[in-house]
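Student: Okay, here's the prediction I keep looking at, along with the sequence it came from:
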Amino acid sequence: MYIDESDKCHGKPLYLYLLEEFRRAGIRGATVYKGVAGYGSHSVLHLPHILRLSEDMPIVVEVVDEDSNIEKALRIVRECVEEGLVTLEDVYVYFYGHRGS
């Protein structure tokens, strides 16, 4: 999903709230990416400024799991995401886990 860094839910940054809720729901993996620039449905450019660190940069939250858990994740998203873009994509997982030493 694509959201703004300044978006909030229950007083927390939205991306952080989502990560915590996904983890609590047993979602297998989620990653947050911070964009360096972008624009969305309002066509407002989000750019870093030299004089200050921008606090409204684009954020992408990516979740990878089985369909049943993606449905859980979507319920969490519907609860808090008021504006943004949510996409669903099929992926082939080649490897998931960690290799012991």
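Tutor: Alright, I've got the coordinates.

Student: From now on I want contacts and neighbour counts done on CA atoms only, so please keep to that.
Tutor: Will do.

Student: how would you label Tyr15: helix, strand or coil?
Tutor: Here Tyr15 takes the helix state, with states given by DSSP: H, G, I helix; E, B strand; the rest coil.

Student: That one is in contact with Tyr33, isn't it?
Tutor: No. Checked against C-alpha atoms under 8 Å, the pair Tyr15 and Tyr33 is beyond contact range at 9.6 Å.

Student: what sits in contact with each of those two?
Tutor: Ile59, Val61 (C-alpha atoms under 8 Å, 6 or more residues apart in numbering).

Student: Could you pull up phi and psi at Ser41?
Tutor: Main-chain torsions, Ser41, degrees, to the nearest 10: phi -60, psi -20.

Student: Distance check, it against Val64.
Tutor: 25 Å (C-alpha to C-alpha, to the nearest Å).

Student: So those two - more neighbours on which side?
Tutor: Taking other C-alpha atoms under 10 Å, Ser41 and Val64 do not tie; Val64 has more neighbours (17 against 8).
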